[in-house]
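K.L.:
Pasting a predicted model and its sequence here:
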Amino acid sequence: MPELPEVETLRRQLAPALAGKRIERLEVLDPKWGSPIAGSELAGLIEGRTIENLERRGKYLIFDLGDELYLICHLRMTGNFLYDAEPGVAYQRARFELEGGHTLRFTDPRRFGTAEVIVGGSALDEYFAGRLGIEPFSGALDGAALKAMAAGKRTSIKAFLLDQRAVAGIGNIYADEALFRAEVHPLREAGRLKPAQYELLATTIQDALQAGLDAGGATIDDFRHADGLYGSFQDEFLVHRRAGEPCPRCGNEVEKIVVVGRGTYLCGRCQPRPRGTTRRRATRRASRSGLQR
């Protein structure tokens, strides 16, 4: 699914094009997009508004419509915003008609993406307070912060990283890439890393996310840029989706396991399995932990 680098890539592309443009019409083509608010009600709230800014929190895009009115959108697994795309583009769920004849289309083959209107800056902060943890590039992410958040947690470190209430914006791709860089096995208990490992992991999280940003995100299935082009980080994966290929560090074969229901890629030599755990038992224990995505 689109993770922080993909969502931030879209934000950086769209923000200059959208800033200052009035929304002349919103056509909600799929009532599920803004549910439980009806499409006509959602349109009535934002039509005539000017997009003052486009921001991001975690994996959410936030349209600042002035007077503390916000439209927040989550792309989920397959959502995309396309700017001035061809009218016949597939899987359209919403279409914004903007001043100057421009259009912004939300497409989503699997229909998991969502939109919601929030009124008031304090309400926006409250909305995210229970859903999102540290922003990786905010300056708050370091080894001490990771250690404090993971203290006492017996869930796997992979599950911990996927929980948006810990570090916002990390998904399956960047968790695998960060853990490989830190030489930490995905099934290691989150609360039992060494201080130096937390410190290194904080750095490798940022390194993996920055590499994704530099490459314009990763396109595995559906992610596209606002102009319809694809990201290229998938060509730079170190282990993710590389099962059976040689580890770029030691040459050992990259393997695939399942953690919290997600395909997980690692090098068993560079990321040694925790002592006293079997693959089946550790995977089952990790899968019982709840995630906020």
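P.N.:
That came through fine.
K.L.:
and the protein, what are its domains?
P.N.:
What automatic domain parsing lists as the domains of the chain is 4-129, 143-287.
K.L.:
from these, which stretch is densest packed?
P.N.:
Counting by mean count of other Cβ atoms under 10 Å, domain 143-287 has the highest mean neighbour count of the domains of the chain, with a mean of 19. Any C-beta I mention is one placed from the backbone N, CA and C, and that applies to glycine too.
K.L.:
now the domains of the chain in TSV, with mean pLDDT and distance to residue 137?
P.N.:
TSV is the format used below for those (pLDDT from 0 to 100; distance: least, Cβ to Cβ, whole Å):
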stretch	mean pLDDT	distance to residue 137
domain 4-129	96	9
domain 143-287	88	7
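K.L.:
where along this protein do the strands fall?
P.N.:
Secondary structure of the chain (DSSP state E): strands at 23-28, 53-57, 60-64, 69-74, 80-83, 92-98, 102-107, 114-119, 254-259, 262-267.
K.L.:
now the first one and strand 60-64, what's the angle there?
P.N.:
With axes from the mean of the first three to the mean of the last three Cα atoms, to 10 degrees as the basis, strand 23-28 and strand 60-64 are set at 140 degrees to each other.
K.L.:
strand partners of strand 23-28, parallel vs antiparallel please.
P.N.:
strand 92-98 (antiparallel) (DSSP bridges).
K.L.:
Can you pull out the residues in contact with the strand it pairs with?
P.N.:
Contact with strand 92-98 is made by 18, 21-30, 32-34, 51, 103-108, 111, 113, 115, as judged by Cβ atoms under 8 Å, 6 or more residues apart in numbering.
K.L.:
Dump the strands of the chain to JSON lines, plus distance to residue 42.
P.N.:
Formatted as JSON lines, the strands of the chain follow (distance: least, Cβ to Cβ, whole Å):
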{"stretch": "strand 23-28", "distance to residue 42": "6"}
{"stretch": "strand 53-57", "distance to residue 42": "18"}
{"stretch": "strand 60-64", "distance to residue 42": "12"}
{"stretch": "strand 69-74", "distance to residue 42": "8"}
{"stretch": "strand 80-83", "distance to residue 42": "16"}
{"stretch": "strand 92-98", "distance to residue 42": "9"}
{"stretch": "strand 102-107", "distance to residue 42": "12"}
{"stretch": "strand 114-119", "distance to residue 42": "7"}
{"stretch": "strand 254-259", "distance to residue 42": "37"}
{"stretch": "strand 262-267", "distance to residue 42": "32"}
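K.L.:
right, and the ones you listed - which one's nearest residue 174?
P.N.:
Among the strands of the chain, the nearest to residue 174 by Cβ to Cβ is strand 262-267 (12.0 Å).
K.L.:
angle of that closest one against strand 254-259?
P.N.:
140 degrees.
K.L.:
give the contact list for residue 121.
P.N.:
Counting by Cβ under 8 Å, 6+ apart, residue 121 makes contact with residue 68.
K.L.:
how far away is it from residue 66?
P.N.:
Distance of residue 121 to residue 66, given as Cβ to Cβ, to the nearest Å: 12 Å.
K.L.:
All the helices of the stretch 1-150 of the chain, in order from the start?
P.N.:
Taking DSSP state H, counting those that start in this stretch as the criterion, the stretch 1-150 of the chain contains helices spanning 4-18, 39-46, 121-129, 143-150.
K.L.:
want to try CSV for those helices, with distance to residue 268 as columns?
P.N.:
Converted to CSV, the helices of the stretch 1-150 of the chain look like this (distance: least, Cβ to Cβ, whole Å):
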stretch, distance to residue 268
helix 4-18, 27
helix 39-46, 49
helix 121-129, 37
helix 143-150, 23
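K.L.:
can you tell me which of those helices comes nearest to residue 87?
P.N.:
Closest to residue 87 of the helices of the stretch 1-150 of the chain, according to Cβ to Cβ: helix 4-18, at 18.0 Å.
K.L.:
which helices and strands sit right next to that closest one?
P.N.:
If you count contacts as 3 or more Cβ pairs under 8 Å, 6 or more residues apart in numbering; DSSP states H and E, helix 4-18 packs onto strand 53-57, strand 60-64, strand 80-83, strand 102-107, helix 195-214.
K.L.:
This completes my enquiry, with thanks.
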